[in-house]
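Colleague: could you work out the structure for the sequence below:
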Amino acid sequence: MSHINQRAGKSAPYSYQDTLAASQRVNWRIEDIIGGDRKLDFSRPFLPESLAGVADLTFLSPDERLAMNQIRGHTYLYLFGLVEEFILPFVVDHARPRLSGDDFRTRAFLQFASEEAKHIHLFKRFREEFLRGFGSTCDVIGPPEDIAKAVLSHHPLAVALVILHIEWMTQRHYLDSVRDERDLDPQFKSLLKHHWMEEAQHAKLDTLMVENLAAECDRDEIDQAIGGYLAIGGLLDGGIAQQVEFDIDAMARATGRVLADDERARMVAAQRQTARWTFLGSGMTHENFLDSLGGLSASGRARVEMVAPTFC
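Modeller: Numbering: from 1, shown residues only. Model prediction:
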């Protein structure tokens with residue numbers, strides 16, 4: 001599948017019919033990509049360095065850095081599963097009032113929801129296999145239902161912008177960092193590839209969803225929604241900070257490494273900034289996301305661009 005090109009202008013060049021057709025072409029089953037002989041290779045890294053941020057932790061041994069990379073890979077997919085817990089009900093709620101309208105639109109959004117449910121299931125299966133093979137516990141933030149409730153309490157356009165951010169972020173990670181990285185575990189890389197294949201269509205549908213929701217809002221509502229998008233980002237940033245602490249504890253537990261206070265402080269700082277870039281900065285600065293944002297509000301785009309360097 002070719003990647004989605006950068007787009008210009010305020011109106012998305014996507015159609016529900018074409019997006020639905022693309023989704024149907026790339027559709028895959030969980031049973032075809034995980035389980036059976038498809039095992040994780042714990043002798044290899046799971047994430048590229050740009051998303052793992054372990055190379056500069058030179059006070060750790062190579063085995064300890066590898067364990068940290070794999071823990072970050074576990075967290076990466078867990079957090080995707082967590083955010084999809086609020087994406088799924090949001091997409092269903094968005095589609096429900098419009099079931100009697102454009103048939104391609106209805107089918108495209110229902111396909112979108114089905115694929116998000118599949119991704120949640122896939123990442124739960126991955127977590128089971130990871131913990132079984134890794135041999136040590138890894139704590140995670142949550143529960144997902146509570147985070148979903150907090151996110152969904154915001155204006156629908158704010159939530160749609162967060163989802164759009166996440167979809168373009170996913171595209172950027174795979175195309176810029178994962179696709180051409182040859183040292184990664186092939187099984188983990190396969191999970192990322194199959195996730196990306198379907199999220200490529202979701203990015204298009206999210207773009208259309210943002211435009212549809214914004215068309216129903218006045219200028220003040222749009223500005224408030226952009227503020228809500230940033231507030232949700234702050235909520236997620238707090239979760240990321242806690243998850244970094246959990247990940248470092250998991251590395252120490254798995255390897256038996258006792259970290260000195262200065263070593264832990266260095267790890268927290270480095271890992272938090274990498275995680276911030278991974279889940280916040282890489283989406284906030286994606287040109288397609290900024291194009292959509294600028295189409296809603298030039299001042300709103302400027303506001304996000306002012307905040308983004310904190311997460312880059």
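Colleague: mind giving me the packing neighbours of the biggest helix by length in the chain?
Modeller: Ordering each helix of the chain by length in residues (DSSP state H) puts helix 219-255 first. Applying 3 or more Cβ pairs under 8 Å, 6 or more residues apart in numbering; DSSP states H and E, one finds that helix 219-255 makes contact with helix 62-95, helix 144-152, helix 156-173, helix 261-276, helix 287-296, helix 298-307. All C-beta atoms are positioned from the backbone trio N, CA, C, and that covers glycine.
Colleague: could you pull up the mean pLDDT of it?
Modeller: Helix 219-255 carries an average pLDDT of 97.
Colleague: do the same with stretch 87-99
Modeller: Per-region confidence: stretch 87-99 scores 85 on mean pLDDT.
Colleague: could you do stretch 15-23 as well?
Modeller: Here the average pLDDT along stretch 15-23 is 91.
Colleague: let me know the pLDDT of residue 2.
Modeller: 35.
Colleague: one step back: buried ones in the longest helix of the chain?
Modeller: The neighbour-count check on helix 219-255 (16 or more other Cβ atoms under 10 Å) flags 222-226, 228-233, 236-237, 239-240, 243-252, 254-255 as buried.
Colleague: which regions of the protein lie under the pLDDT threshold?
Modeller: The chain contains residues with pLDDT under 70 at 1-12, 99.
Colleague: spit out the contact partners of residue 53.
Modeller: Neighbouring residues of residue 53 by Cβ atoms under 8 Å, 6 or more residues apart in numbering: 72, 270-271, 273-275.
Colleague: how about 7 Å then?
Modeller: Listed by Cβ atoms under 7 Å, 6 or more residues apart in numbering, the contact set of residue 53 reads 270-271, 274.
Colleague: try residue 147
Modeller: Taking Cβ under 7 Å, 6+ apart, we find residue 147 in contact with 82, 239.
Colleague: closest one to residue 29 among the helices and strands packed on helix 219-255?
Modeller: Closest of those to residue 29 is helix 62-95, at 17.5 Å (criterion: Cβ to Cβ).
Colleague: the helix or strand following the closest one - contacts with which helices or strands?
Modeller: Downstream of helix 62-95, the next assigned helix or strand under DSSP states H and E is helix 103-134. Applying 3 or more Cβ pairs under 7 Å, 6 or more residues apart in numbering; DSSP states H and E, we find helix 103-134 packed against helix 16-26, helix 62-95, helix 186-215.
Colleague: how about the last one: buried residues?
Modeller: This means helix 186-215. Within helix 186-215, the residues that count as buried by 16+ other Cβ under 10 Å are 187-189, 191-211, 213-214.
Colleague: residue 130 is nearest to which of the helices and strands packed on helix 219-255?
Modeller: Nearest of the helices and strands packed on helix 219-255 (Cβ to Cβ): helix 62-95, 5.0 Å.
Colleague: how many other residues sit next to the nearest residue to residue 228 once chain neighbours are set aside?
Modeller: Taking Cβ to Cβ, 6 or more residues apart in numbering, and ignoring the residues beside it in sequence, residue 228 has residue 158 as its nearest neighbour in space, at 2.9 Å. Neighbourhood size, residue 158 [other Cβ atoms under 10 Å]: 25.
Colleague: who touches residue 312 in this structure?
Modeller: Contacts for residue 312 were tallied using Cβ under 7 Å, 6+ apart; they are 277, 281, 285.
Colleague: wait, which of those residues is closest to residue 32?
Modeller: Nearest member of the contacts of residue 312 to residue 32, counting by Cβ to Cβ, is residue 277, at 31.9 Å.
Colleague: list the contacts for that closest one?
Modeller: Contacts of residue 277 (Cβ under 7 Å, 6+ apart): 311-312.
Colleague: C-alpha coordinates for stretch 131-147, CSV please?
Modeller: The C-alpha coordinates for stretch 131-147 follow below in CSV (Å, rounded to 0.1, in the frame of the first residue of the first chain):
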residue,chain,number,x,y,z
LEU,A,131,4.0,-11.2,29.3
ARG,A,132,4.2,-14.9,28.7
GLY,A,133,7.5,-14.6,26.8
PHE,A,134,9.1,-11.7,28.6
GLY,A,135,8.7,-13.5,31.9
SER,A,136,8.2,-10.4,34.1
THR,A,137,5.3,-8.1,35.0
CYS,A,138,4.8,-4.7,33.4
ASP,A,139,2.4,-2.3,35.0
VAL,A,140,0.2,0.0,32.9
ILE,A,141,-1.9,3.1,33.4
GLY,A,142,-5.7,2.8,33.4
PRO,A,143,-8.2,1.4,33.6
PRO,A,144,-9.0,2.3,30.0
GLU,A,145,-12.7,2.9,30.7
ASP,A,146,-11.9,5.7,33.1
ILE,A,147,-9.5,7.4,30.6
